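A.B. asks: below are the sequence and a predicted model for it; my questions follow.
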Amino acid sequence: MTHLEGLEPSVQQENKMQNTIKKIIQDSCQVLGLPEADFVIEHPENVDFGDFSTNISLVLSKQVGKNPRELANIISEEISKNLPNTISKVEVAGPGFINFYLSKDFFASELQQILEKGKGYGEGRELEGKKIILEYTNTNVLKPFHIGHLMGNILGESLSRVFEFSGADVTRITYQGDVGLHIGKAIWGMMQRKDSFPADTDSVSSKVKFVGDAYAFGSDQYEDNPEVAEEIKIINKKAYEKNDPEVNHYYDLARGWSLEHFEEIYKKLGTKFDDYLFESEVAADAIKIINEFCERGVFEKSDGAVVYKGEEKGLHTRVFINSQGLPTYEAKDIAHALRKFKKYPVDKSIIITANEQSDYFKVILSALGEIDSNIAGRTEHLSHGMLRLTEGKMSSRKGNVITGESLISETEEAVSEIIKDRELPQEIKNKIAEEVAVAAIKFSILRQSPGGDIIFDREKAISFEGDSGPYLQYTAVRAASVIEKAGWKNKEASFETYNKDAYPIEHFLYRFPEVVARASYEKSPHYIVSYLIELASLFNGFYAHNKIIDAGEESEYRLGVTQAVFNILSNGLYLLGIKVPERM
RNA sequence: GCACCUAUGGUGAAAUGGAUAUCACAACGGUCUUCGGAACCGUUGUUCCAGGUUCGAGUCCUGGUAGGUGCACCA
């Protein structure tokens, strides 16, 4: 993994069973006089091969001069002499794997743990004491909040929760573009369209729509019409210098609408920022810093601009101060990084953007490294994929964007259509529509490993068949409903002496903490998604084939399993930023 | 042109160097409504090409091919 500086685990993953097995293997090998080996213990892909498996005999066979299966037999025989009661049997299989099968004792006590820990089940201490700052959803005021921002926000919020679950102290921030040419374009557009200016009483959505359209119009005209381009540049300069009352009026108004609109979306998505930092706040410092380090040789002058020559490091040259003496985004990003660490002395700073900025951030981090290597070493750029549409690349300049708001509202409508005949108060139905729609969108983004593009197909995104957020919600609601119907109180349950055959689902319940730890370490919530889908699918199978209530002496244990599934689903969905509805 | 990223059933994805490559959609067939059917069960079908490393490669290395993104005063 890249850039682990600042994020080395403070506490090793406590995986009791894995450690137990490792020790058993090591002890047995020592008794047999075998050399030390670098072996792994993993979950076999197929449960028929046991709950854990080791490749030690494959690793050692050559060194010892025995064939792998022969060696595996010797080791496994030694292991079998001292098995704890949490392991039921050990077998040699395949090319020489030694497979471990866990016992009912283990499953029963793990089930007890899941019920006792409740909302805390799955928490780890790997990042205890670490301070992490996540920066994401870097929007621009006066420009639309599009679906790319939605992706960044969903990933950022989920990662924040995953890190917190691993014990870290997380600060969520967003860095917003409130200066730059887009401001001039939008204000020019607004001035052209005074007749369709929204009224004070209009909704924030319609106000933002007006500004977005004005921006698209200004942007088109900027490219097509040189005279307009000049006007826009003048307006932009006035907006930057804040010396024209009319321009200030439009700017303040539209900026307020934008920020209010973003806030509405964050609320709907269930996310919240701890701090809002703006580009305009660092412009002045940016010039000073770049000039200072230009004198020290980090940057150099070229064609009247101040540039960073990345070629020596296999990168490309970028302009930090343009030939008019104004700081570019590059310079402001450097100043922003410095003030961020000053305000928040963290172990790790993660910036999430779309991957089209990957090469850009390599240059920024390289330059930052020459200014302050400590800060650069603790900063990591994490990119999410691009959202690809059948209509081609979206562009807010051309106005053919899918806004975050429209995606959410269209998905809500699709859900409303499905539940319209339910006999529930409209208020409840609206709440369900919102929670299910947000789940559907979040799931479709978080299900994939981050970095890859997401092919966005409206039909698929709002489909609730199969692998989906609503499927997970449904399973949790169903489990809760059974528990409620049974009037079951898990606090009174005790399974310590329960010793029937294990259900297939029990082989997966106890793995949740490992999955969370991996999602945290690899910064990939999709591991949680895959796990929850498998769990939900196993539970639905369990449900279809086993009576839970009124199942005689089995009922108590089955209700325990059902409650455990609910606990894990709701903890897992929380980490994805998805709510479990009360009804759906 | 240079750099970075990607390539897995018809489609969209998953897979710590491990065993028979997993899941969903679509297609076809079944459960027939029960403790919530937004469910369950079954069938068909997959690692871009050529070398290499390894006991073992979708995964690592080299070279191709195809696609995406980025490369001086925008953010």
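C.D. replies: Here it is on my side, so go on.

A.B. asks: number of residues surrounding residue A:201?
C.D. replies: 5 (other Cβ atoms under 10 Å). (Glycine included, C-beta is placed from N, CA and C.)

A.B. asks: how about it, secondary structure?
C.D. replies: Here residue A:201 is coil, with the state taken from DSSP: H, G, I helix; E, B strand; the rest coil.

A.B. asks: and it, how far from residue A:189?
C.D. replies: Distance of residue A:201 to residue A:189, computed by Cβ to Cβ, to the nearest Å: 22 Å.

A.B. asks: show me what contacts the residue of the stretch 251-400 of chain A found nearest RNA strand B?
C.D. replies: Nearest residue of the stretch 251-400 of chain A to RNA strand B: residue A:322, at 2.1 Å (Cβ to the nearest atom of the strand). Shown in contact with residue A:322 (Cβ atoms under 8 Å, 6 or more residues apart in numbering): A:305, A:328.

A.B. asks: whatever residue of the stretch 401-550 of chain A ends up closest to RNA strand B: neighbour count?
C.D. replies: The nearest approach of the stretch 401-550 of chain A to RNA strand B comes at residue A:466, 2.1 Å away (Cβ to the nearest atom of the strand). A count of nearby residues for residue A:466, using other Cβ under 10 Å, gives 8.

A.B. asks: pLDDT at it, what is it?
C.D. replies: Predicted confidence (pLDDT) for residue A:466: 86.

A.B. asks: can I assume it sits in a helix?
C.D. replies: No - remark: residue A:466 does not belong to a helix; assigned using three-state DSSP, it is coil.

A.B. asks: what helix or strand is residue A:113 on?
C.D. replies: Assessed by DSSP states H and E, residue A:113 sits inside helix A:104-117.

A.B. asks: residues making contact with that helix?
C.D. replies: With contact meaning Cβ under 8 Å, 6+ apart, helix A:104-117 is reached by A:17, A:85-88, A:121, A:123, A:490, A:493-502, A:506-507, A:509-510, A:557, A:560-561, A:563-564, A:567-568.

A.B. asks: in helices only, show me those.
C.D. replies: The members of the contacts of helix A:104-117 that map onto helices under DSSP state H are A:17, A:506-507, A:509, A:557, A:560-561, A:563-564, A:567-568.

A.B. asks: what's the most distant pair in those?
C.D. replies: Of all pairs drawn from the ones in helices among the contacts of helix A:104-117, the greatest distance, 21.7 Å, lies between A:17 and A:563 (Cβ to Cβ).

A.B. asks: about what we covered before: for the buried ones among the contacts of helix A:104-117, write the corresponding PyMOL selection.
C.D. replies: Only the buried entries of those go into this PyMOL selection, using 16 or more other Cβ atoms under 10 Å:
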select buried, chain A and resi 17+86+87+88+121+490+493+495+498+502+506+507+509+510+557+560+561+563+564+567+568
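
A.B. asks: near RNA strand B, from the contacts of helix A:104-117?
C.D. replies: Near RNA strand B, judged by Cβ under 7 Å from any atom of the strand, there are no entries from these.

A.B. asks: just to revisit the earlier point, tell me the phi and psi of the residue of the stretch 401-550 of chain A closest to RNA strand B?
C.D. replies: Note on residue A:466: backbone dihedrals following degrees, to the nearest 10 are phi 60, psi -140.

A.B. asks: and for residue A:285?
C.D. replies: Here is the backbone geometry of residue A:285 (degrees, to the nearest 10): phi -60, psi -40.

A.B. asks: show the pLDDT at residue A:446.
C.D. replies: Residue A:446 carries a pLDDT value of 96.

A.B. asks: which residues of chain A score low on pLDDT?
C.D. replies: Applying pLDDT under 70 to chain A flags residues A:1-14, A:389-400, A:458.

A.B. asks: isn't residue A:124 right up against residue A:513?
C.D. replies: Yes - at 6.2 Å, residue A:124 counts as touching residue A:513 under the criterion of Cβ atoms under 8 Å.

A.B. asks: count residues in the vicinity of the closest residue to RNA strand B within the stretch 101-250 of chain A, would you?
C.D. replies: Proximity of the stretch 101-250 of chain A to RNA strand B (Cβ to the nearest atom of the strand) peaks at residue A:180, 2.9 Å away. Neighbour count for residue A:180, taken as other Cβ under 10 Å: 21.

A.B. asks: so how far is RNA strand B from residue A:49?
C.D. replies: Noted for residue A:49: a distance of 4 Å to RNA strand B, by Cβ to the nearest atom of the strand, to the nearest Å.

A.B. asks: which non-adjacent residue is nearest that residue?
C.D. replies: residue A:99 (5.2 Å; Cβ to Cβ, 6 or more residues apart in numbering).

A.B. asks: hey, what's the one you found bridged with?
C.D. replies: Following DSSP bridges, residue A:99 is listed with bridge partners residue A:53, residue A:91.

A.B. asks: hang on, isn't it packed against residue A:88?
C.D. replies: No - using Cβ under 8 Å, residue A:99 is not in contact with residue A:88, being 11.3 Å away.

A.B. asks: the residue most central in space within chain A: which element?
C.D. replies: Centroid check for chain A by Cα atoms, centre = their mean gives residue A:155 as the closest residue, at 3.1 Å. For residue A:155, the element it lies in under DSSP H and E is helix A:147-165.
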